[in-house]
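> after the sequence you'll find the predicted model.
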Amino acid sequence: MVRRAQLISLLSCAVACGRAPQPHATAHKEVAANRVPVRTGDVHDFDFLAGSWKVHNRTLKAGGAGGDAWVEYPATTCMTFHLGGVVNVDEYQFPTKGYSAMALRIFDLEKRQWSIYWIEGRAGVLLPPVTGGFDGDRGEFYGEDEIGGRPAIFRFVWTKLGADRARWEQAYSPDGQEWTVNWTMDFTRTGGAGCART
């Protein structure tokens, strides 16, 4: 997923679903003091995600007269492996939003750590990564960025829910202590056509 302040304004319904494309250098320095958690994993962490999925999205729409509310919309995705498994790519289609996006994951064999990048076709900006890995059926990935002009820590949590279901969530925090979840994806497998391992 996972893992955007300028992109928020691009959503027609002002859905607050992400991180800022380009954090300021000062934001990195301030957030660094908050000790972003470090997680490691295995090159096979994302094997479960290979193939085709339908995705139920919920994003937090902040503010407004009625307060915060959740907006729901569908997507489909297809995950494929590359370079012997050290790279995998999800390509997402958001039919009701009119754009597509891509998650790029790269496994550092020496650090035993995944870096996850996000890019949307409507912006063409590769967002800063979150890094981490899985422990059992739960994966945690953390990175530094900003939201609303303020430095923040971002967290992706992946949960394996058997062979045909999975869940992803994105949250942000100013200090790594209290988290605000602002985007979730619930995955249901639909098949592997066009998504065979390469």
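Great, that's in hand. Residues are numbered from 1 along each chain as shown.

> correct me, but Gly191 touches Ser52?
Yes. With contacts counted by Cβ atoms under 8 Å, Gly191 reaches Ser52, the gap being 5.0 Å. The C-beta positions use only the backbone N, C-alpha and C, and glycine is treated the same way.

> more crowded one of those two?
With neighbours defined as other Cβ atoms under 10 Å, Gly191 and Ser52 compare such that Ser52 has more, 15 against 10.

> specify the beta-bridge partners of the more buried one.
Beta bridges link Ser52 to Cys78, Gly191 when assigned by DSSP bridges.

> quick check: it touching Thr77?
Yes. Here Ser52 lies in contact with Thr77, judged by Cβ under 8 Å, at a distance of 7.4 Å.

> on the three-state scheme, Glu72 is what?
At Glu72, secondary structure determined by DSSP: H, G, I helix; E, B strand; the rest coil is strand.

> quick one: the residue nearest to it when sequence neighbours are not counted from Ser115, how far?
Of all residues not flanking Glu72 in the chain, Arg58 sits nearest, at 5.2 Å (Cβ to Cβ, 6 or more residues apart in numbering). Using Cβ to Cβ, to the nearest Å, Arg58 is found at 25 Å from Ser115.

> next: Leu161.
Counting by Cβ to Cβ, the gap from Leu161 to Ser115 is 24 Å.
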